[in-house]
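[1] next come a sequence and a model predicted from it.
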Amino acid sequence: MALYEHTFIARQDLSTAQAEGLIEHFSQVLTDNGGSVAESEYWGLKTMAYKINKNRKGHYAYLRSDAPSAAVQEMERLMGLHEDVMRVLTVRVEKHEEGPSAVVQAKNSRDERGPRRDRGDRPDRGDRPRRD
């Protein structure tokens, strides 16, 4: 069996629970067809660079699987028919990387920095001359 990484985008009007339910559903499709899912991640609701099907945002999900090509083809076919899935990307890899994906690592590092400062926290600049 081959190793794959799957990323898909679901419609923005789904709830988080429904988007995570899609991950479970498509993971089950892979396991029913003789594959296994090594890891799955829900990346959250993100703004896209351009509209897809009149949607500005989408729920991003990521799966790492070890499955035969027939199972992957069946999952992609079902994703194409599902009305909530807007885009799918499947990539065959030589080996899975250890630990969380780069998206989750970036999100965790942002959380560790702490909250942003408000504009009200800036030092007073009232004594500067006015520009004309």
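    Here it is on my side, so go on.
[2] just checking, what packs against the strand ranked longest in the chain?
    Criterion DSSP state E: the longest strand present in the chain is strand 36-52. Under the contact definition 3 or more Cβ pairs under 8 Å, 6 or more residues apart in numbering; DSSP states H and E, strand 36-52 sits against helix 16-32, strand 55-67, helix 102-113. (C-beta placed from N, C-alpha, C; glycine too.)
[3] can I get these in TSV with mean pLDDT and mean neighbour count?
    Below are the helices and strands packed on strand 36-52 laid out as TSV (pLDDT from 0 to 100; neighbours: other Cβ atoms under 10 Å):
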stretch	mean pLDDT	mean neighbour count
helix 16-32	93	16
strand 55-67	93	20
helix 102-113	74	10
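[4] SS state for the residue lying closest to residue 93 once chain neighbours are set aside?
    Counting by Cβ to Cβ, 6 or more residues apart in numbering, the nearest residue to residue 93 once its immediate chain neighbours are dropped is residue 3, at 5.1 Å. Using DSSP: H, G, I helix; E, B strand; the rest coil, the structure places residue 3 in strand.
[5] can you give me the pLDDT of residue 3?
    If you check residue 3, the pLDDT there is 91.
[6] go on, residue 120?
    Reading off the confidence values, residue 120 has pLDDT 58.
[7] hey, what's the residue nearest to residue 93 bridged with?
    residue 66, residue 93 (DSSP bridges).
[8] can you get me a residue count around it?
    Counted by other Cβ atoms under 10 Å, the residues lying close to residue 3 total 15.
[9] which outside residues touch the longest strand of the chain?
    Residues from elsewhere that reach strand 36-52 (Cβ atoms under 8 Å, 6 or more residues apart in numbering): 9, 12, 16, 19-20, 23, 27, 30-31, 55-67, 86-87, 96, 100-101, 103-104, 107.
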